[in-house]
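[1] Structure here, sequence nowhere to be found:
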């Protein structure tokens, strides 16, 4: 696909946010192919309209040709049209998309070097938890940084599991071309990998109330060493033997998390 | 399905009868879609194991008895319709009143049944499946109350000198039988799924 | 409901009450729906301008010409909760109280009996009840503006748990929202049952299904979808309503649910099982009207009439199987995601076929660019863009990025706002002489057409560009995000264009009202059309046809070689040499 990029002009004159992810290019490619093919078809429609308006307006062409377009040959053209659309648009986009899903987005990485993060949005902030030294969630050494602060190491697969403290939210990472809903009562997952360091923003994409627009998070992508240092500098979560798994409501911030990491199929 | 009736006057009259029947069927179709959605939601909740209901025998028996009562009510209506069609005025009202009475008994039986379930702890707030059972029952009951009102209207009309139209009597009957069948399906659905 | 035609006999005693308000005449009811729809269109459009104001000039006082005094209590600015209320009610009103009554209510009522040669609807009284139930639902909706805590603000999709009391929206606004749409659903059902039965039963002799004008086909298919899917959303709304009012937990889960709870995703499924057919319900009448008008103004039969009708029917079937593409980001199983994507993309085949037929209708025609034709051509343009950009949203991977961004907003406004508006304008311009006996001013119509066409494209296309640049939707102040700040110029441009767009609609309103009273008196058949509604003089009496016509032709036998001296022939007139 990369070869095509040079001569496929995007029809969207605004640039998307900088892509810093390993697999974001796949989404850009699908969009680019769709740009190309819909420009083509739309161009045909416009060309046809302009030509017909010029050629067959009533001044130039006062007597229309009586034609129901119900002969065999018309049917063949119509069916050919449908098949052309099916193979040039549907099949291509579908195979690209399925391939990307299979190879990247729904192909969750496994192994030791994967960084696992649990994210639990609430109205209107992001709670983030790292497993800490023992690499197990729900233990005393879990790291819970201040709200809305997400650090990830570069060139390392990140697997995020999400659920929500209250209403539906959606973790939207524009620089990764990705978003995933966090729905009450269920755990959803996403994974991504950064290929560049820097500071970025993430947002809530699903309407969650009056201050939905303020539900912004700060993402820092840094080298593995910097990330380890940052983790080490965070205070481990203080565990309380609280009956209520969801923490003290008055503080607004859950101190303990109700779900354990779920192994995904 | 063809409307090609040559004389315009005939067309109107013919349409009146057939059209009304078709209108009733389409309306039933809409009502069926409503209940299909409820039942699909219900089975999805069961499949996701969001809640559990374990029924002992008493509610099942009460539910069964009230279903039979509703069926008898339907039969009563049919008897009245047959009498009316044969132009024998004698027992129409009695049959119809029996039909209405049994319908009311059914509703009371439902309320009784729900109270029993709530007493067992199956509240609508605590248990979504119980909530769905009450909801589906109530929506059906609302339709039954509409049906009872129409039956009452029918009894009143029969006392009037003006002759009631065949299609009206027939369609009211369809509606009443439809609600009975609907209830039987819902009830057996509950029994199967739970 | 058994009393078909009874209304006609009863209305011999003519009072204003029975002829203009509680009329059972389908033409009067159609006009009532028309005015009702225009009122809500203005109301919803005004809210859209306020949304645009906030996005371009965030937290700046609303100017007087946008009725800034309404916001005096908050220092003249739109607050975040007001903003959420605005876009919630804009969407809700436009879909349920503007487009639905305009196309299905007004033109469904007005056209179906006239075009199929019936004296009235199958159930005239039910028809009247449908309008007044609709009216009631509008009243319930408007009453909610006077609630102490304001109207609903959970988005037009009203996803729980946000739309439940536990979701944090105060007051009864959400419950009123749910209630009003439920009542609207009942009204829609009454209308839809009526339309479906009328078309099946009351077609004039000779009016076979494939002799019906394509506009009737569109309305019929939309009504069938309504009959099937409105009960589905009714079930969902009833559950939502008792969740909101009685504290059940069907759609509540997680921490907010005390005793286990239910599943919020269920509502999304139910909503979109209805919601996706709903967008086709809104667009199908337009497709029909476009197909019909293209033929009239090309003076040529609709190309591939049967194929177009069959394609529309195929889309009706497919539309009920694709709801999952609204939920790709909810964490649906990979298999489901792929299935929904496949089915959604399949829609492109029938769509492209009837699109091809539209263009082929122009081919070798004799195109007359009267205002209705201009609006119709605009539908082709905007629907091409709207339909093609749907491909991005159907694709799972692209949608993961574009979901919940302005791209989606731009896309569905192309299909549901631009296409439907132009379809509505085309229909009004075309049938205005039939409804009111006068012509719309063609010059103002053309000015309005060009103004609307240019500005509407600049508004919605740029919205898609914004979405592609990452601008997510439903946010009060885009400046909150650094990556959205460079897009501010575009936001301002869109708003200016939207305000211009609004100004052109005021021009249209002027044209409408002026022509209503002082327009040029129309001749009986100003467009020289074949269909039955043009076969009698204005005003058409209650009961339409003195004798039910005998139909012998298809709906658009224009420029038939065997017809001498004219390029049209009424559907009831026999053409030499045609069987």
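    Okay, I see it. Every value quoted in this text rests on a predicted model; they were computed, and no experiment measured them.
[2] can you count the residues close to residue 189?
    Just so you know, I chose chain A. Using other Cβ atoms under 10 Å in any protein chain shown, residue A:189 has 16 neighbouring residues. C-beta here means a position set from N, CA and C on the backbone, and glycine is covered the same way.
[3] try chain B instead
    Residue B:189 has 16 nearby residues by other Cβ under 10 Å.
[4] What of the one 4 residues further on?
    Residue crowding around residue B:193 was assessed by other Cβ under 10 Å; the count is 14.
[5] next one: residue B:135
    22.
[6] That one and residue C:242 touch, don't they?
    Yes - between residue B:135 and residue C:242 there is a contact under Cβ atoms under 8 Å: 6.7 Å.
[7] so what sits against both of the two?
    Common contacts of residue B:135 and residue C:242, defined by Cβ atoms under 8 Å, 6 or more residues apart in numbering or on different chains, comprise residue C:248.
[8] Taking the stretch 301-450 of chain C, what residue is nearest to chain B?
    In the stretch 301-450 of chain C, the residue found nearest to chain B is residue C:320; the distance is 11.2 Å by Cβ to the nearest Cβ.
[9] ok, that residue - contacts?
    Residues in contact with residue C:320, defined by Cβ under 8 Å, 6+ apart, are C:225, C:228, C:229, C:273, C:276, C:277.
[10] out of those, which are inside helices?
    Judged by DSSP state H, helices contain the following of those: C:225, C:228, C:229, C:273, C:276, C:277.
[11] Going along the chain, name the strands of chain A.
    With strands called from DSSP state E, chain A shows them at A:115-122, A:125-129, A:149-153, A:157-162, A:169-173, A:178-182, A:188-193, A:198-204, A:216-222.
[12] Could you dump the ones you listed into TSV and include distance to residue C:397?
    Formatted as TSV, the strands of chain A follow (distance: least, Cβ to Cβ, whole Å):
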stretch	distance to residue C:397
strand A:115-122	22
strand A:125-129	24
strand A:149-153	22
strand A:157-162	18
strand A:169-173	14
strand A:178-182	10
strand A:188-193	13
strand A:198-204	19
strand A:216-222	21
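[13] so how far is residue C:574 from the nearest residue to residue B:187 once chain neighbours are set aside?
    Closest residue to residue B:187 apart from its sequence neighbours, by Cβ to Cβ, 6 or more residues apart in numbering or on different chains: residue B:67 at 5.3 Å. Using Cβ to Cβ, to the nearest Å, residue B:67 is found at 60 Å from residue C:574.
[14] the more surrounded of the two?
    Neighbour totals were compared for residue B:67 and residue C:574, and residue B:67 leads with 18 against 10 (other Cβ under 10 Å).
[15] quick one: that one and chain A, what's the gap?
    34 Å (Cβ to the nearest Cβ, to the nearest Å).
[16] just checking, what packs against whichever strand or helix holds that residue?
    For residue B:67, the element it lies in under DSSP states H and E is helix B:57-85. Where contact means 3 or more Cβ pairs under 8 Å, 6 or more residues apart in numbering or on different chains; DSSP states H and E, helix B:57-85 is packed against helix B:92-119, helix B:166-193.
[17] closest to residue A:177 out of these?
    Residue A:177 sits nearest to helix B:166-193 of all these, at 42.0 Å, using Cβ to Cβ.
[18] still on that earlier bit, flag every buried residue along the helix holding residue B:67.
    Of all the residues in helix B:57-85, those buried under the rule 16 or more other Cβ atoms under 10 Å in any protein chain shown are B:59, B:62-63, B:66-67, B:69-77, B:79-81, B:83-84.
[19] Specify the angle between that helix and helix B:166-193 in degrees.
    Angle, helix B:57-85 to helix B:166-193, by axes from the mean of the first three to the mean of the last three Cα atoms, to 10 degrees: 160 degrees.
[20] Nearest to chain B: which residue in chain A?
    Proximity of chain A to chain B (Cβ to the nearest Cβ) peaks at residue A:185, 8.3 Å away.
[21] any idea how far that residue is from residue C:484?
    Separation of residue A:185 from residue C:484 (Cβ to Cβ) stands at 32 Å.
[22] Ok, residue C:567 next?
    Residue C:567 is 55 Å from residue C:484, by Cβ to Cβ.
[23] and residue 63, what does it touch?
    No chain in the question, so chain A it is. By Cβ under 8 Å, 6+ apart, the residues touching residue A:63 are C:366, C:559, C:567.
[24] if you could check chain C rather than the one you did, that'd help
    Counting by Cβ under 8 Å, 6+ apart, residue C:63 touches residue C:53.
[25] domains of chain A?
    Using automatic domain parsing, the domain parsing of chain A gives A:2-105, A:115-238+A:245-251.
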